[in-house]
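>>> okay, sequence plus prediction incoming.
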2 protein chains.
Amino acid sequence: MTGRVTIVGLGPGDPRFLTPAASEALASATDLVGYGPYVDRVPERPGQRRHASDNRVELDRARFALDLAAKGSRVAVVSGGDPGVFAMAAAVFEAVENGDPIWRSLDIRVEPGITAMLAAAARVGAPLGGDFCAMSLSDNLKPWEVVEARLRAALAADFVVALYNPISSARPWQLGAAFKIVAETQGPDTPIILARAVMRPDERIRILPLSEVEASMADMSTIVIIGASTTRLIERPEGKAPFVYTPRSYGVRP
Amino acid sequence: MTGRVTIVGLGPGDPRFLTPAASEALASATDLVGYGPYVDRVPERPGQRRHASDNRVELDRARFALDLAAKGSRVAVVSGGDPGVFAMAAAVFEAVENGDPIWRSLDIRVEPGITAMLAAAARVGAPLGGDFCAMSLSDNLKPWEVVEARLRAALAADFVVALYNPISSARPWQLGAAFKIVAETQGPDTPIILARAVMRPDERIRILPLSEVEASMADMSTIVIIGASTTRLIERPEGKAPFVYTPRSYGVRP
């Protein structure tokens, strides 16, 4: 079997953050498969087929890619950020597990990328400098009770928390509910980072205390980082934005 | 002030995973500062000064870099993986907060990189496909009680857990203690990934059930990923290593 599926992380958007390994995987593919806006980020190449999907679900897209590979194509499934973090890789492996047994023999690879929380963190300082959790706030694929329990557990243990998929038109209330949960246990000055379209032309990053943050400040291109009790702001002169960081130490002075 | 500090993520080691933005930052620096093995990864350039430190602590290295920049140098502080995840970025900002006020005026940037858990996950499938936590198992900078409480909280909420700094000659027992804690609440078949020197020539990756894992299988170049209750293995034919993934869904069938 000569077909192959490579699930490629495009990173935050700007090609300066695309790894050479990911670039190679894109260049050597016979077929690109992915959500339209991600396929659009990849330069067109003569002879390379592009299968941009609009509103098809991720699993259908994964099965389509696997089927192409089983027929001999070298398929690149394009994914934003890192494919393994709330993106296409899990969908592809879920399709493999439940699909045609021949798919298990395929050469399936993942090319890692800069996931949104790392890009956002880099823009403001080092808010993920201590222990942290990453969770999707979407309750499309898990009950809200699970989301809430995980968020409460992470806050109680004083992890920094990165929230993916914080809000969308179909899920308008979840982020507000999450901020209420945060306010139950964390202080009003807890730093909240709202990082939208990081490293893209329409980037907008805000750093606000919990007491001033509102769910309406985020959209589906936003990643939200909730500071731990130790997360700190470093004020800077001349109107420069503060740095935000979480020290490596906790409860001890090194 | 013309000096600058850029904290550059080298990724897992192979230059194929170094972003173009990170490459540029290394190329334009007048001075490289970092732990010797990381500095060694960067090709030598005429006129570029290299300040490789051996056993100096991270804060001293950070202060040295800031001081060079305050004198006008363009300094690249090199860091493994992503600088913001258990690496040099938090140390630099800690030095800024507690150091010479002039350092706050410096141009300080972070160039993100592929952190170890993303590289390890990509090698085996998509084990971080659901919600996950990343924590350092080192108790050099936080009490072991905090490490233990966070690990228990993450397991109780059924997060996948990535353990950085699992073991070293100075910290020989912590990983064994962590595995015992995992065994108290998670089943013996829980998949554990031990990923050593990922994407380097001496890479070694093992996937074992919790009941068969031993702390001695890890060293200071290993990242450990502990599966959640939903993390699954996909067996493959022809002696191929299984895929490991965590489905996006939890407690619901989409």
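Yes, it's here.

>>> so which residues of chain A form helices?
A:20-27, A:36-39, A:58-70, A:88-98, A:116-124, A:144-156, A:174-185 (DSSP state H).

>>> as JSON lines, these with mean pLDDT and mean neighbour count would be great.
Every C-beta, even on glycine, is put in place using the N, C-alpha and C of the backbone. Putting these into JSON lines (pLDDT from 0 to 100; neighbours: other CB atoms under 10 Å in any protein chain shown) gives the following:
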{"stretch": "helix A:20-27", "mean pLDDT": "98", "mean neighbour count": "19"}
{"stretch": "helix A:36-39", "mean pLDDT": "94", "mean neighbour count": "16"}
{"stretch": "helix A:58-70", "mean pLDDT": "96", "mean neighbour count": "21"}
{"stretch": "helix A:88-98", "mean pLDDT": "97", "mean neighbour count": "25"}
{"stretch": "helix A:116-124", "mean pLDDT": "98", "mean neighbour count": "28"}
{"stretch": "helix A:144-156", "mean pLDDT": "98", "mean neighbour count": "19"}
{"stretch": "helix A:174-185", "mean pLDDT": "97", "mean neighbour count": "17"}
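
>>> make CSV from the ones you listed and add distance to residue A:130 to it.
Converted to CSV, these look like this (distance: least, CB to CB, whole Å):
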stretch, distance to residue A:130
helix A:20-27, 29
helix A:36-39, 31
helix A:58-70, 32
helix A:88-98, 26
helix A:116-124, 12
helix A:144-156, 12
helix A:174-185, 17
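
>>> chain B contacts on the stretch 151-254 of chain A?
A:153-154, A:156-159, A:232, A:234-238, A:240, A:243, A:245-252, A:254 (CB under 8 Å from any CB of the partner chain).

>>> residue contacts, residue A:248?
A:129-130, B:58, B:86, B:90-91, B:94, B:136, B:141 (CB atoms under 8 Å, 6 or more residues apart in numbering or on different chains).

>>> 6 Å - rerun?
Shown in contact with residue A:248 (CB atoms under 6 Å, 6 or more residues apart in numbering or on different chains): A:129, B:90, B:141.

>>> residue A:103 and chain B, how far apart?
Residue A:103 sits 9 Å away from chain B, going by CB to the nearest CB, to the nearest Å.

>>> hmm, residue A:66 and that residue touching each other?
Yes - using CB atoms under 6 Å, residue A:103 is in contact with residue A:66, at 4.8 Å.

>>> hmm, stretch A:135-144 touching chain B?
Yes - looking at stretch A:135-144 against chain B by CB under 6 Å from any CB of the partner chain, the contacts come from A:135, A:141-143.

>>> so which of these wins on neighbours?
Neighbour counts for the residues of stretch A:135-144 next to chain B, by other CB atoms under 10 Å in any protein chain shown, peak at residue A:135, which reaches 24 neighbours.

>>> what's opposite that residue in the beta bridge?
Beta-bridge pairing for residue A:135 (DSSP bridges): residue A:163.

>>> wouldn't it be in contact with residue B:133 here?
No - counting by CB under 6 Å, residue B:133 is not a contact partner of residue A:135; they are 8.9 Å apart.

>>> would you mind measuring from the nearest residue to residue A:78 once chain neighbours are set aside to residue A:4?
Spatial nearest neighbour of residue A:78, chain neighbours left out: residue A:34 (3.6 Å); criterion: CB to CB, 6 or more residues apart in numbering or on different chains. Here the criterion is CB to CB, to the nearest Å. By it, residue A:34 lies 16 Å from residue A:4.

>>> excluding sequence neighbours, find me the nearest residue to residue A:69.
Per CB to CB, 6+ apart, closest to residue A:69 is residue A:3, 3.5 Å.

>>> test my guess that the one you found contacts residue A:72.
Yes - applying CB under 6 Å, one finds residue A:3 in contact with residue A:72, separated by 4.9 Å.

>>> more crowded one of the two?
With neighbours defined as other CB under 10 Å, residue A:3 and residue A:72 compare such that residue A:3 has more, 23 against 11.

>>> contacts only, for that one.
Counting by CB under 6 Å, 6+ apart, the residues that residue A:3 touches are A:69-70, A:72-73.

>>> contact residues of the stretch 1-150 of chain A facing chain B?
A:16-17, A:19-21, A:82, A:84-85, A:89-90, A:93-94, A:96-97, A:104-105, A:110, A:112, A:114, A:118-119, A:121-122, A:125-126, A:128-129, A:131-135, A:141-143, A:146, A:149-150.

>>> now for residue A:221, how many residues are close by?
Per other CB under 10 Å, the neighbour tally for residue A:221 reads 17.

>>> how deep is the residue nearest to residue A:78 tucked in, by neighbour count?
With other CB under 10 Å as criterion, residue A:34 counts 26.
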